[in-house]
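Asker: Have a look at this prediction, sequence included:
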Amino acid sequence: MGEQDFILKSEGEITQVSLPVKYGIIQTNMWNVRKIDGSVQILLGRNYMETKIEIESVDLKQKTIFGYPEYAIGHNLMVSPFNPKSIQLISFPLTVEKFIKRDLKLYTKFSTKRFYPSTLPFNISYDFWIRQNKENNDLPGESDCEIMIWLYRHIQYPIGKNEGYVYIDCRVNGKVERFKFFIWIGRGAKWLTISFVMDPEKQKQEISVEIPVSQFMEVSKKLMENSIEEQYIMGIELGSEFGDTDNLKMGLDWVLEEYEMREHSRKVNLLELK
């Protein structure tokens, strides 16, 4: 991909390394790991972000995914700002209704370069935390919600069970197509998780895709269990969940080549570093 401007690296007991960028933050976010034998790296260059993972073994906290190396805007699930500068983009937390009215579209171009073993579970996905109380810095509770949009899935399954599907028009490789997203709903912890998973017949290891994120939120409103007026979107996260607790040796290499927020005629290149 060319010369890197920055390299973030988690190894040993260093499980979280982060770098503020112009509109948000990039972080290794190995939240479920105590120690890494190997490394998790994020390489940043001019308008690209490459996630390179080579792990021999890990000491896990829980029997679930290893982590979620990511690009994040706004606030995290504990209501702490990732990067105060991102207020120039969107002033999170934002009510779900106000977020929907902005009619935002998120555009990515990404490619999965390699992974092993062939049975490695991983995804490339957006993550949105919805809190009823935007001031509460405790872990999310029963009244809160996590919404995920999976653009790519290999082996891995979302929390809960498949409750049907929805068709949403997306722009893929420059052409508008009607895409089926399967809806999974469940609780892996206290909060409700709603996951939209792109039809596996449509997903590709190399793709450019623009999603109308407001439409996903419109669908989610009907699936949430609490009054929508009382809920706030904390931010926007994009990354990759990965890991197999029965096979700790693994590798993954994927590249985010373009990432834009589009609002009417405005386009913001989120991969600008400064």
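Answerer: That came through, no problem. Numbers count the residues shown, from 1 in each chain.

Asker: any weak-confidence spans in the protein?
Answerer: 1-4, 226-229 (pLDDT under 70).

Asker: What segments of it are helices?
Answerer: 96-101, 213-223 (DSSP state H).

Asker: To I42, which of these lies closest?
Answerer: I42 lies closest to helix 213-223 among the helices of the chain, at 23.1 Å (Cβ to Cβ). C-betas here are computed from N, CA, C, even on glycine.

Asker: So which of the helices of the chain is nearest E11?
Answerer: helix 213-223 (33.9 Å).

Asker: re the thing from before, make a markdown table out of the helices of the chain and add mean neighbour count.
Answerer: Shown next, in a markdown table, are those (neighbours: other Cβ atoms under 10 Å):
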| stretch | mean neighbour count |
| --- | --- |
| helix 96-101 | 16 |
| helix 213-223 | 16 |
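
Asker: Reformat these as JSON lines; add distance to I14.
Answerer: Conversion of those to JSON lines gives the following (distance: least, Cβ to Cβ, whole Å):
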{"stretch": "helix 96-101", "distance to I14": "34"}
{"stretch": "helix 213-223", "distance to I14": "33"}
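
Asker: in the stretch 101-250 of the chain, which spans are strands?
Answerer: Along the stretch 101-250 of the chain, counting by DSSP state E, counting those that start in this stretch, strands occupy 105-116, 122-131, 145-154, 161-172, 175-186, 192-198, 206-211, 232-233, 235-239, 250-263.

Asker: so which of those gets nearest Y68?
Answerer: strand 235-239 (4.7 Å).

Asker: tell me the angle of the closest one relative to helix 213-223?
Answerer: In terms of direction (axes from the mean of the first three to the mean of the last three Cα atoms, to 10 degrees), strand 235-239 departs from helix 213-223 by 110 degrees.

Asker: what sits against the residue lying closest to E206 once chain neighbours are set aside?
Answerer: Leaving aside its sequence neighbours, E206 sits nearest to S111 (Cβ to Cβ, 6 or more residues apart in numbering; 3.9 Å). S111 makes contacts with 205-207, 254-255, 257, as judged by Cβ atoms under 8 Å, 6 or more residues apart in numbering.

Asker: out of the residues you listed, which is most surrounded?
Answerer: W254 (24 neighbours; other Cβ atoms under 10 Å).

Asker: Roughly how far does the spatially closest residue to it that is not a sequence neighbour sit from Y152?
Answerer: In space, and not counting its chain neighbours, W254 is closest to T112: 4.6 Å by Cβ to Cβ, 6+ apart. Using Cβ to Cβ, to the nearest Å, one obtains 7 Å as the distance from T112 to Y152.

Asker: Of these two, give the one with the bigger neighbour count.
Answerer: Ranked by neighbour count (other Cβ under 10 Å), T112 and Y152 place Y152 first, with 23 against 18.

Asker: Any idea how many residues pack against the closest residue to the more buried one other than its chain neighbours?
Answerer: Leaving aside its chain neighbours, Y152 sits nearest to I124 (4.2 Å; criterion: Cβ to Cβ, 6+ apart). Here the number of neighbours of I124 (other Cβ under 10 Å) works out to 26.

Asker: I124 and V96: what is the separation?
Answerer: 24 Å.

Asker: May I ask you to confirm that E56 is in contact with K35?
Answerer: No - look at E56 against K35 with Cβ atoms under 8 Å: they stay out of range, at 11.3 Å.

Asker: check contacts around the nearest residue to Q156 once chain neighbours are set aside.
Answerer: Leaving aside its sequence neighbours, Q156 sits nearest to P121 (Cβ to Cβ, 6+ apart; 3.6 Å). Residues counted as contacts of P121 (Cβ under 8 Å, 6+ apart) are 65, 154-157, 242-244.
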